[in-house]
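1. sequence below, structure please.
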Amino acid sequence: MPGRPTTLLAPCAPTVAARTRAGGSCQVPSSQRNLIELKSADDTRGIREAGQILAQALEMARVACVAGVTTAEIDAILRASIQNQGIEHQGIEHQGIGQIAEALFLGYTGPSGAARVPYPAASCISVNDELVHGVPGSRVLKHGDVVSIDAGVRLNGWCADSAMTVFVGEVDASMHRMLACAEAMLAHATRAIVPGRRWSAIAREIEQIAVDAGFAIAVDFVGHGIGRALHEAPQVPTSVTRRFVDHDDFTLRPGMVLAIEPMLIDERPQRNANGELVSPACTLQADGWTVRVNSGARSCHVEHTVVVTRDGAEVLTARETGSNATTSMPAKTIGAFAA
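-> Sure, this is the predicted structure:
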């Protein structure tokens, strides 16, 4: 679940932007922006266990994404998968003593208990021009829909967050290109992580991947640190602003756990007078959560929880194959856009 950066570039209608700020957006509280907690090996193991439960639940949701199914039904499948795996984990790993896995988003109100309607589902399911935080309900999926599924798991106090985009039946070539671009951005960011690098350098590289492919980045929604809470410091943008470089940039260190989440919109990228990318105009819907692209352009969202290691990074929310975790991004997709 992405957060909003501390300073907005106001792509939404003014009243919507004001409502979002007043209602407690998912950004990291400004008082905590520089308090980046480094996780131990045991901490990372806990996040990885939560991540594996989440990866399996998302796979179940992906398979269920077919024409004729409602978004509420997909959410129910994902939630049941989390609960069932948590019960199994409790019995096998903890001899019946630990906590069962929880759907992290259910009941979420934002950081620090912000005054906001509690999120009513286990996942965010955003369809076509719904950019993010789509609330599952009675909407029936149809052929040609572009569906982003974002979910989180808490297990024994440790959190993991991940998202994928799924096509229902056949979609046009531009949608395949947009998703391939988002996946390439995520893959490049993971490969580019090395202790000692500034995040802004990586953000600049993945921003360029989107610009070169001709897609707009949802600048006003950013990745985040994650651990005991869903949204922790630091903020992890996929584009660069002067304010981020001056005030919120950070140096990668082993033990940092980051939720990296490129979000693209099928519009041409636009820049402001400072040369910074700006988000296409969006509107917060009456449910208090769903954000819709004003132009009706479709969007996509991919995300992994990643830990910085001594020599690179490890994806904690990828489905495991054998003894090593791997991403779901095919090499031909990565090579099509990543430098």
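2. stretch 106-116: end-to-end distance?
-> 13 Å (CA to CA, to the nearest Å).
3. go on, stretch 275-291?
-> Using CA to CA, one end of stretch 275-291 lies 25 Å from the other.
4. quick check: buried residues in it?
-> Using 16 or more other CB atoms under 10 Å as the test for burial, stretch 275-291 gives 276, 277, 278, 279, 280, 282, 283, 284, 288, 289, 290, 291. The way it works is simple: take the backbone N, C-alpha and C, and place the C-beta from them, glycine included.
5. export the residues you listed as a markdown table, with columns for secondary structure.
-> A markdown table is the format used below for those (DSSP: H, G, I helix; E, B strand; the rest coil):
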| residue | secondary structure |
| --- | --- |
| 276 | coil |
| 277 | strand |
| 278 | strand |
| 279 | coil |
| 280 | coil |
| 282 | strand |
| 283 | strand |
| 284 | strand |
| 288 | coil |
| 289 | coil |
| 290 | coil |
| 291 | strand |
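6. so which of these comes closest to residue 102?
-> residue 289 (19.0 Å; CB to CB).
7. do I have it right that that closest one meets residue 135?
-> Yes - counting by CB atoms under 8 Å, residue 289 does reach residue 135; the two are 5.4 Å apart.
8. shared neighbours of these two, anything?
-> Common neighbours of residue 289 and residue 135 (criterion: CB atoms under 8 Å, 6 or more residues apart in numbering): 119, 124.
9. one step back: now, the most widely separated pair of the buried residues of stretch 275-291?
-> 276 and 288 (28.4 Å).
10. how many residues are close by the nearest residue to residue 36 once chain neighbours are set aside?
-> In this structure, residue 36 finds its nearest non-sequential neighbour in residue 233, 4.9 Å apart by CB to CB, 6 or more residues apart in numbering. By other CB atoms under 10 Å, the residues close to residue 233 number 21.
11. average model confidence for the helix or strand hosting residue 87?
-> Element membership for residue 87, per DSSP states H and E: helix 71-93. The pLDDT scores in helix 71-93 average 85.
12. just give me the closest of the buried residues of stretch 275-291 to residue 36.
-> Looking across the buried residues of stretch 275-291 and measuring by CB to CB, the closest to residue 36 is residue 276, at 23.7 Å.
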